[in-house]
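[1] below: sequence and its predicted model.
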Amino acid sequence: MSTQAAVIDVIRAAGTISRAGIIEETGLTGATISTIVRRLIDDGLVLETGRAESTGGKPRVLLQLNHAARFAVGVHLDHSGIVYVLTTIGGAVVGRMSRAGVGVADPPVVVERMAREVAALIQSAGVDPSRISGLGLVSPGPLTPTSGMRLTPPAMAHWEDFPLDRALEEALGLPVLLDNDATAAALGEHWTGRAGTSATFAAIYIGTGLGAGLIVNGGAYEGISGNAGEIGHICLDLNGPLCWCGARGCTEAIAGPAAVVAAARADARIAEAAGLRPGGESDRRSTVAAEFAAVARAALRGDDGARGLLESSARYVAVAARTLANVLDLDLIVLTGPSMAIAGSFYLPVVQDELDRLFFPRSTHGVLVRLSPVATTAAAVGAAAMVLQSELVPQRRNLRLPIRFADVGDLPAAGATNS
């Protein structure tokens, strides 16, 4: 990471900050900061925005990112729906729309439609296309290290090995970054500041499936192939139900949205309360996410059976969350995703209670569990943040900030260690 990238990241995280504040956060010299800030102002990336209150001397000039300097498109592609957002450099959403999911249409047909919808989003927001840095595209994992979805969830099996990012990049003429939706959701919480000052935390994401995104030292930890955080495939029962991934007893197979919906349909009374077809298979016109939402709405209306199914699911999710917290020694977990947007109030107290009682180092510190205020669009916002971070703060994921350096040269390359 360059010194310029470090300065941009400090300004972004602070919101507004003086040059002296940047010096304090980075440990770089005043001359270096002055040069970098002047360059950023000349490039239109940073603005001077008033002065701080005087503490006895000359009031310090405050700096902030120029939010209109760059924009990014974020797209969350799922069987149940496609969510598009257009965000500023700071992650503020200036355009948003939701459209039908991939369904059973062939991937090239869907890509052509997506290209039209992205162009319409940019035009409707009145943003100059030349200021669009690129498009972040996220979908349920797992993903291959290069392109496509080699092992897909059952609902998207026809997307197997399709070069999704390359096809959309060609259709749009914009750089496209492909990633996992749970990872993107976690990055979005960090980039927009909703995770507060925490530089290491996890976002448990429940949409159609169940996974987690990991932020470690301020950057997304993705593993070797971009598939870190798959808590939906932690085994909770060696003799449990067969999961679509091929294993048995996975969290997702026991407690994911599809499992909750199947249990609801198996109980005629709960199915009626939720407006689902009892027994048999799901209505082909519907989706797992929509049917899970129907069960959650029944629970919110006071149906004890539906509530019991969600609380049972939450107990298993809580065990997976505790496993994740123990492995990473976390102090913050964010619950997010479209299914959490409607059912999060049932999951949050159960997960919090599990961690309060049984988190291994609980005598040293606790783990706060929060529900994201933008759970429905979290993955799409994170997809846009992924693009902005890639452009403005390259190689961010392997560094800890702030780091204090006496040297005016560049910060260590990614992967370097500090004593």
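    Now that the structure is in, tell me what you want to look at.
[2] what residues does stretch 317-332 touch?
    Residues from elsewhere that reach stretch 317-332, judged by C-beta atoms under 8 Å, 6 or more residues apart in numbering: 195-196, 198, 200-202, 204, 206, 210, 212, 214, 216, 229, 231-232, 234, 236, 251, 255, 333, 347, 350-351, 353-355, 358-361, 365-370. For the C-beta atoms, the positions are set from N, CA and C on the backbone; glycine is no exception.
[3] kindly confirm my reading that G193 is in a strand.
    No: assessed with DSSP: H, G, I helix; E, B strand; the rest coil, G193 is coil; it does not lie in a strand.
[4] how about it, phi and psi?
    phi 80, psi 10 (degrees, to the nearest 10).
[5] and V83, by the same measure?
    phi -110, psi 130.
[6] about what we covered before: derive a PyMOL selection command for the buried subset of the contacts of stretch 317-332.
    The buried residues among those can be selected in PyMOL (16 or more other C-beta atoms under 10 Å) with this line:
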select buried, resi 195+198+200+201+202+204+206+210+212+214+216+229+231+232+234+236+251+255+333+347+350+351+354+355+359+367+369+370
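[7] what about the contacts of stretch 317-332, which are in strands?
    Counting by DSSP state E, these place F201, A202, I204, I206, L210, A212, L214, V216, I333, L368, V369, R370 in strands.
[8] check which helix or strand covers Y84.
    Under the criterion of DSSP states H and E, Y84 resides in strand 82-88.
[9] and the next helix or strand past that strand?
    Following strand 82-88 in sequence order, the next helix or strand is strand 93-99 (DSSP H and E).
[10] output the very next helix or strand once past that following strand in CSV with nothing but the alpha carbons.
    Later in the chain than strand 93-99, the nearest helix or strand by DSSP H and E is helix 107-125. What follows is helix 107-125, C-alpha atoms only, in CSV (Å, rounded to 0.1, in the frame of the first residue of the first chain):
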residue,chain,number,x,y,z
PRO,A,107,-26.8,-16.9,-17.8
PRO,A,108,-26.1,-14.9,-21.1
VAL,A,109,-29.7,-13.7,-21.1
VAL,A,110,-29.5,-12.6,-17.5
VAL,A,111,-26.2,-10.8,-18.1
GLU,A,112,-27.7,-8.9,-21.0
ARG,A,113,-30.6,-7.8,-18.8
MET,A,114,-28.3,-6.8,-16.0
ALA,A,115,-26.2,-4.6,-18.3
ARG,A,116,-29.4,-2.7,-19.3
GLU,A,117,-30.5,-2.4,-15.7
VAL,A,118,-27.1,-1.0,-14.6
ALA,A,119,-27.1,1.5,-17.4
ALA,A,120,-30.6,2.6,-16.4
LEU,A,121,-29.5,3.0,-12.7
ILE,A,122,-26.6,5.2,-13.6
GLN,A,123,-28.7,7.3,-15.9
SER,A,124,-31.6,7.7,-13.4
ALA,A,125,-29.1,9.0,-10.7
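[11] buried ones in helix 107-125?
    P107, V110, V111, R113, M114, A115, V118, L121, I122.
[12] so what does that helix touch, helix or strand wise?
    strand 71-77, strand 82-88, strand 93-99, helix 164-172 (3 or more C-beta pairs under 8 Å, 6 or more residues apart in numbering; DSSP states H and E).
[13] just for the stretch 151-300 of the chain, where's the confidence low?
    151-157, 197, 280-286 (pLDDT under 70).
[14] run the chain-centre distance for the lengthiest helix in the chain.
    Identified as the longest helix of the chain according to DSSP state H is helix 304-328. Its chain's C-alpha centre lies 20 Å from the corresponding centre of helix 304-328 when counted by C-alpha atoms, centre = their mean, to the nearest Å.
[15] now swap in stretch 360-377 and tell me
    Its chain's C-alpha centre and that of stretch 360-377 lie 15 Å apart, by C-alpha atoms, centre = their mean.
[16] CA atoms only for it, dumped as CSV, please.
    C-alpha atoms of stretch 360-377 as CSV (Å, rounded to 0.1, in the frame of the first residue of the first chain):
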residue,chain,number,x,y,z
PHE,A,360,-14.5,-19.3,25.6
PRO,A,361,-12.6,-16.1,26.6
ARG,A,362,-15.7,-14.5,28.1
SER,A,363,-13.9,-13.7,31.3
THR,A,364,-11.6,-11.5,29.3
HIS,A,365,-14.0,-9.8,27.0
GLY,A,366,-17.5,-10.2,25.6
VAL,A,367,-18.9,-10.3,22.1
LEU,A,368,-21.4,-7.7,21.0
VAL,A,369,-24.1,-8.9,18.5
ARG,A,370,-25.7,-6.2,16.3
LEU,A,371,-28.3,-6.3,13.6
SER,A,372,-27.3,-4.4,10.5
PRO,A,373,-29.7,-1.4,9.8
VAL,A,374,-29.3,-2.1,6.0
ALA,A,375,-29.5,-5.9,6.0
THR,A,376,-31.5,-6.1,2.8
THR,A,377,-28.9,-4.2,0.7
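[17] need the contact partners of that stretch.
    With contact meaning C-beta under 8 Å, 6+ apart, stretch 360-377 is reached by 76, 83, 85, 93, 96, 185, 188-189, 194, 203, 321, 325-326, 329-338, 340-341, 344-345, 348, 351-352, 355-356, 359, 378, 381.
[18] state the mean pLDDT of that stretch.
    Mean pLDDT, computed over stretch 360-377, is 94.
[19] equivalent analysis for stretch 104-117, please.
    In this model, stretch 104-117 has a mean pLDDT of 88.
[20] can you check stretch 80-90 too?
    Mean pLDDT, stretch 80-90: 89.
[21] with stretch 308-316 instead?
    On average, stretch 308-316 scores 98.
[22] got the buried residues for it?
    Judged by neighbour count (16+ other C-beta under 10 Å), stretch 308-316 contains these buried residues: L309, L310, S312, S313, A314, Y316.
[23] grab the nearest non-local neighbour of the last one.
    Right, Y316. Nearest in space to Y316, with sequence neighbours left out and distances taken as C-beta to C-beta, 6 or more residues apart in numbering, is A255 at 3.6 Å.
[24] swap in the fifth one?
    Nearest residue to A314 in three dimensions, chain neighbours excluded: V350, at 3.8 Å (C-beta to C-beta, 6+ apart).
[25] ok, now how distant is the one you found from A212?
    Per C-beta to C-beta, to the nearest Å, V350 is found 16 Å from A212.
[26] again, but for R38
    Distance of R38 to A212, computed by C-beta to C-beta: 41 Å.
[27] same question, G193
    Going from G193 to A212 by C-beta to C-beta gives 20 Å.
[28] residue contacts, the residue nearest to Y316?
    L210, L236, S312, S313, A314, R315, Y316, V317.
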